[in-house]
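> Provided below are the primary sequence and the corresponding predicted coordinates.
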Amino acid sequence: MKCLITGATGFIGSHLVEALTARGAEIACLVRRTSNLRWLKNHNIQYHTGEVTEKESLRKAVRDVEYIFHLASLTKAVYPEDYYLVNTGGTKNILEVCAEENPPLKRFILVSSLAAAGPSPTESPILETHPPRPITDYGNSKLEAERIATEFMSHLPITIVRPPVVYGPRDHDIYFYFRLINHGVIFNAGGANPLLSIIYAPDLVEAMVRLATLEQSAGETYFVSSPEPKYMDELTSLIASALGRKKVLKIPAPLWVTDIMACLMEASSRLTKKPALLTRQKIREIRQKAWVCSAMKLKKDADYICPTPVEKGIAETAAWYRENGWL
């Protein structure tokens with residue numbers, strides 16, 4: 001099993017490397033010149049230096065592999081157009097190169113996002129057939145990447161995977177909430193308590209590998225999530241419990257306050273050229289009643305249900321943060 005992974009140095013990508021290594025796969029990774037290889041050093045990997053935004057740098061990497069897992073993307077950006085440059089344009093580049101250099105490819109896994117589908121109209125889980133209604137540039141860029149992938153499906157065996165919120169060891173985004181709760185506080189934007197589908201990273205990559213080798217998944221789109229969604233307040237309590245925090249002070253933050261904070265952070269982001277942690281688009285996501293998806297199609301086609309209970313996954317994540325000095 002010869003595999004190429006883009007985005008392998010990231011949180012999810014490093015877990016995918018571990019899962020494929022356990023299966024004895026031959027792994028190649030596309031890395032940038034500035035990539036930090038700390039999570040990959042203990043694995044036997046072939047490296048190709050390149051950027052998904054530089055089409056010609058991809059040609060050698062895609063040759064002679066059987067499976068491509070395309071994870072490279074931006075989840076935070078200084079400017080909205082950056083999402084489309086990397087998430088949309090990068091996907092177009094690698095698919096074009098695959099069609100030109102490796103038409104016998106066995107499978108191309110495109111990792112998209114629940115953000116491409118948008119929030120749930122109600123607290124009922126949405127299906128893959130739900131009309132997409134993304135509400136952020138990140139979600140739009142991912143949906144456009146999916147549409148480009150669909151155009152290539154007559155030439156390449158492509159499977160689209162849409163995870164919701166992903167958490168687990170090595171994650172930096174959800175880590176922010178662990179750190180706040182570890183200090184005994186959490187900010188509540190306008191009383192929001194959305195219902196959320198979530199997925200533990202090792203469960204997500206297991207589903208990806210299974211779908212890559214499942215013949216009938218070619219040309220299909222799948223949500224991959226834990227079977228039990230959680231309200232944000234429930235997740236806060238579970239994190240607090242995992243961290244041994246008996247009390248967490250919930251500080252209410254009126255929406256007008258969070259809007260001002262987001263504007264200030266966005267302005268600072270443009271000066272520092274570093275993505276802001278809080279943006280007006282992020283607040284728009286938080287304000288939604290629910291981000292819930294159904295993984296029944298995954299169960300039906302791949303006979304797979306994400307096995308890690310949320311309580312266990314959060315406990316293992318908290319333990320990893322502590323063992324590695326993050327908390």
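Nice, thanks for sending it over.
> On the three-state scheme, the nearest residue to residue 327 once chain neighbours are set aside is what?
Spatial nearest neighbour of residue 327, chain neighbours left out: residue 321 (4.5 Å); criterion: Cβ to Cβ, 6 or more residues apart in numbering. In this view, the C-beta of every residue, glycine as well, is placed from N, C-alpha and C. With DSSP: H, G, I helix; E, B strand; the rest coil as the basis, residue 321 sits in helix.
> And for residue 321, the neighbour number?
21 (other Cβ atoms under 10 Å).
> show me the contacts for it.
Neighbour list for residue 321: 169, 175, 178, 327 [criterion: Cβ atoms under 8 Å, 6 or more residues apart in numbering].
> Mind picking the two most distant members of those?
Farthest apart among those by Cβ to Cβ are 169 and 327. That separation is 12.1 Å.
> Tell me which of the two has more neighbours.
residue 169 (22 against 16).
> doesn't residue 200 make contact with that one?
No. Contact criterion Cβ atoms under 8 Å: residue 169 and residue 200 do not qualify, at 9.7 Å.
> Which residue ranges of the stretch 51-200 of the chain form helices?
Secondary structure of the stretch 51-200 of the chain (DSSP state H, counting those that start in this stretch): helices located at 59-62, 80-83, 89-101, 114-117, 137-152, 175-182.
> Just send these back as JSON lines, with mean pLDDT, distance to residue 32 and mean neighbour count too.
Listed next are these as JSON lines, based on pLDDT from 0 to 100; distance: least, Cβ to Cβ, whole Å; neighbours: other Cβ atoms under 10 Å:
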{"stretch": "helix 59-62", "mean pLDDT": "96", "distance to residue 32": "12", "mean neighbour count": "20"}
{"stretch": "helix 80-83", "mean pLDDT": "96", "distance to residue 32": "15", "mean neighbour count": "17"}
{"stretch": "helix 89-101", "mean pLDDT": "97", "distance to residue 32": "12", "mean neighbour count": "20"}
{"stretch": "helix 114-117", "mean pLDDT": "98", "distance to residue 32": "24", "mean neighbour count": "25"}
{"stretch": "helix 137-152", "mean pLDDT": "98", "distance to residue 32": "19", "mean neighbour count": "21"}
{"stretch": "helix 175-182", "mean pLDDT": "94", "distance to residue 32": "22", "mean neighbour count": "18"}
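> Kindly reformat these as CSV containing distance to residue 20.
Shown next, in CSV, are those (distance: least, Cβ to Cβ, whole Å):
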stretch, distance to residue 20
helix 59-62, 16
helix 80-83, 27
helix 89-101, 18
helix 114-117, 24
helix 137-152, 21
helix 175-182, 24
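> Look at residue 222 and tell me its secondary structure.
The three-state label given to residue 222 by three-state DSSP is strand.
> Distance of it relative to residue 127?
According to Cβ to Cβ, to the nearest Å, residue 222 and residue 127 sit 11 Å apart.
> These two - which one has more neighbours?
Between residue 222 and residue 127, counting by other Cβ under 10 Å, residue 222 is the more crowded of the two (24 against 13).
> which residue packs closest to residue 255, ignoring adjacent ones?
Spatial nearest neighbour of residue 255, excluding adjacent residues (Cβ to Cβ, 6+ apart): residue 190 at 4.0 Å.
> any idea how far residue 235 is from the one you found?
With Cβ to Cβ as the criterion, residue 190 and residue 235 are 17 Å apart.
> which intervals of the chain have sub-threshold pLDDT?
Per-residue confidence of the chain (counting by pLDDT under 70) places no residue in a weak region.
> the strands in it, which residues?
2-6, 26-31, 45-49, 67-70, 107-111, 158-162, 165-167, 185-189, 195-196, 198-200, 221-223, 230-231, 249-253, 290-291 (DSSP state E).
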